[in-house]
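[1] no FASTA, just this:
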(Lines give C-alpha, C1' and ligand atoms only; values in the text may rest on other atoms or scores of the structure.)
Protein backbone atom coordinates (compact mmCIF):
# COMPACT_ATOMS: atom_id res chain seq x y z
CA UNK A 1 0.00 0.00 0.00
CA UNK A 2 2.85 2.38 0.83
CA UNK A 3 4.45 1.80 -2.56
CA UNK A 4 1.19 2.30 -4.45
CA UNK A 5 0.50 5.60 -2.69
CA UNK A 6 4.07 6.76 -3.25
CA UNK A 7 3.83 6.00 -6.97
CA UNK A 8 0.42 7.71 -7.23
CA UNK A 9 1.68 10.94 -5.62
CA UNK A 10 4.57 12.52 -7.48
CA UNK A 11 7.26 13.93 -5.25
CA UNK A 12 6.53 11.59 -2.34
CA UNK A 13 9.35 9.42 -1.02
CA UNK A 14 8.66 5.93 0.27
CA UNK A 15 10.55 6.77 3.48
CA UNK A 16 8.02 9.48 4.37
CA UNK A 17 4.87 7.39 3.78
CA UNK A 18 3.35 5.56 6.74
CA UNK A 19 0.27 3.39 7.14
CA UNK A 20 -2.35 4.73 9.52
CA UNK A 21 -5.87 3.70 10.36
CA UNK A 22 -9.24 4.82 11.65
CA UNK A 23 -11.85 2.59 13.29
CA UNK A 24 -15.26 3.26 11.76
CA UNK A 25 -18.66 3.20 13.44
CA UNK A 26 -20.42 1.69 10.42
CA UNK A 27 -20.77 -2.07 10.07
CA UNK A 28 -19.41 -3.79 6.97
CA UNK A 29 -23.00 -4.38 5.74
CA UNK A 30 -23.62 -0.61 5.56
CA UNK A 31 -20.50 0.11 3.53
CA UNK A 32 -21.37 -0.21 -0.15
CA UNK A 33 -18.36 1.33 -1.92
CA UNK A 34 -14.60 1.02 -1.51
CA UNK A 35 -12.72 3.93 0.05
CA UNK A 36 -11.15 6.55 -2.21
CA UNK A 37 -7.75 5.68 -0.69
CA UNK A 38 -6.66 2.64 1.27
CA UNK A 39 -8.68 -0.42 2.24
CA UNK A 40 -11.45 -1.42 4.62
CA UNK A 41 -10.52 -4.30 6.91
CA UNK A 42 -13.19 -6.29 8.74
CA UNK A 43 -13.54 -9.69 10.36
CA UNK A 44 -10.83 -9.14 12.97
CA UNK A 45 -11.31 -10.34 16.54
CA UNK A 46 -10.02 -8.44 19.56
CA UNK A 47 -8.29 -10.73 22.07
CA UNK A 48 -7.80 -9.52 25.65
CA UNK A 49 -10.06 -6.46 25.54
CA UNK A 50 -13.47 -5.21 24.50
CA UNK A 51 -14.52 -2.40 22.20
CA UNK A 52 -16.78 0.56 23.01
CA UNK A 53 -18.64 1.24 19.76
CA UNK A 54 -20.15 4.54 20.94
CA UNK A 55 -16.94 6.12 22.23
CA UNK A 56 -14.66 4.28 19.79
CA UNK A 57 -12.01 3.05 22.20
CA UNK A 58 -10.71 -0.04 23.99
CA UNK A 59 -12.45 -1.19 27.16
CA UNK A 60 -12.03 -4.11 29.54
CA UNK A 61 -13.33 -7.40 28.16
CA UNK A 62 -16.64 -8.60 29.54
CA UNK A 63 -16.37 -11.61 31.86
CA UNK A 64 -16.17 -14.97 30.06
CA UNK A 65 -15.93 -13.28 26.63
CA UNK A 66 -12.71 -14.37 24.96
CA UNK A 67 -12.98 -12.48 21.67
CA UNK A 68 -14.79 -9.33 20.59
CA UNK A 69 -15.59 -8.66 16.93
CA UNK A 70 -13.90 -5.48 15.80
CA UNK A 71 -15.74 -2.92 13.66
CA UNK A 72 -14.46 -2.01 10.20
CA UNK A 73 -10.98 -0.45 10.17
CA UNK A 74 -10.05 1.95 7.37
CA UNK A 75 -6.32 1.60 6.66
CA UNK A 76 -4.63 4.18 4.47
CA UNK A 77 -1.24 5.71 3.79
CA UNK A 78 -0.24 9.27 4.66
CA UNK A 79 2.85 11.37 4.11
CA UNK A 80 4.23 11.85 7.61
CA UNK A 81 7.34 11.14 9.61
CA UNK A 82 5.75 12.19 12.90
CA UNK A 83 5.88 9.62 15.70
CA UNK A 84 2.71 7.82 16.77
CA UNK A 85 0.67 9.56 19.46
CA UNK A 86 1.77 7.99 22.78
CA UNK A 87 -1.86 7.99 23.97
CA UNK A 88 -2.80 5.41 21.30
CA UNK A 89 -2.29 1.67 21.73
CA UNK A 90 -0.25 0.06 18.95
CA UNK A 91 -2.15 -3.20 18.54
CA UNK A 92 -0.52 -6.11 16.67
CA UNK A 93 -2.52 -8.14 14.15
CA UNK A 94 -1.87 -11.88 13.90
CA UNK A 95 -3.23 -14.50 11.47
CA UNK A 96 -3.82 -17.09 14.22
CA UNK A 97 -4.04 -17.06 17.99
CA UNK A 98 -0.53 -18.51 18.18
CA UNK A 99 1.45 -15.28 18.34
CA UNK A 100 4.70 -15.84 16.52
CA UNK A 101 6.65 -13.81 14.02
CA UNK A 102 5.32 -16.16 11.31
CA UNK A 103 1.71 -15.19 12.15
CA UNK A 104 2.36 -11.46 12.60
CA UNK A 105 0.82 -9.26 9.87
CA UNK A 106 1.07 -5.61 10.95
CA UNK A 107 -0.09 -3.27 13.71
CA UNK A 108 -2.88 -0.71 13.97
CA UNK A 109 -3.32 2.13 16.43
CA UNK A 110 -6.40 2.01 18.63
CA UNK A 111 -7.76 4.79 20.84
CA UNK A 112 -7.92 4.08 24.55
CA UNK A 113 -9.10 5.87 27.67
CA UNK A 114 -6.46 4.02 29.72
CA UNK A 115 -2.71 4.04 29.28
CA UNK A 116 -1.42 1.97 26.35
CA UNK A 117 0.79 0.17 28.90
CA UNK A 118 -2.38 -1.28 30.44
CA UNK A 119 -3.23 -3.05 27.18
CA UNK A 120 0.36 -4.14 26.61
CA UNK A 121 0.33 -5.88 30.01
CA UNK A 122 -2.99 -7.55 29.07
CA UNK A 123 -1.50 -8.81 25.80
CA UNK A 124 -4.25 -7.29 23.66
CA UNK A 125 -4.04 -8.19 19.97
CA UNK A 126 -6.23 -8.49 16.88
CA UNK A 127 -6.64 -11.93 15.34
CA UNK A 128 -7.77 -12.91 11.86
CA UNK A 129 -8.66 -16.44 12.97
CA UNK A 130 -9.58 -17.45 16.53
CA UNK A 131 -9.02 -21.20 16.12
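    Arrived safely, thanks for sending. A quick note: this is a predicted structure, and the numbers were derived from the prediction, not measured.
[2] does the residue nearest the centre of the chain belong to a helix, a strand or coil?
    Closest to where the C-alpha atoms of the chain average out (CA atoms, centre = their mean) is residue 108, at 3.2 Å. Three-state assignment for residue 108 (DSSP: H, G, I helix; E, B strand; the rest coil): strand.
[3] correct me, but it touches residue 125?
    No - with contacts defined as CB atoms under 8 Å, residue 108 does not count as touching residue 125, sitting 10.4 Å away. Quick note: C-beta positions are derived from backbone N, CA and C, even for glycine.
[4] what is in contact with the two at once?
    Common neighbours of residue 108 and residue 125, using CB atoms under 8 Å, 6 or more residues apart in numbering, are 91, 93.
[5] contacts for the lowest-mean-pLDDT helix or strand in the chain?
    Each helix and strand of the chain was given a mean pLDDT (mean pLDDT, DSSP states H and E); the minimum falls on helix 2-8 at a mean of 85. With CB under 8 Å, 6+ apart as the test, helix 2-8 has contacts from 12-14, 17-19, 37, 76-77.
[6] whichever helix or strand comes after it - contacts with which helices or strands?
    Next in sequence after helix 2-8, counting helices and strands by DSSP states H and E, comes strand 17-23. On a contact count with 3 or more CB pairs under 8 Å, 6 or more residues apart in numbering; DSSP states H and E, strand 17-23 meets helix 2-8, strand 73-79, strand 104-110.
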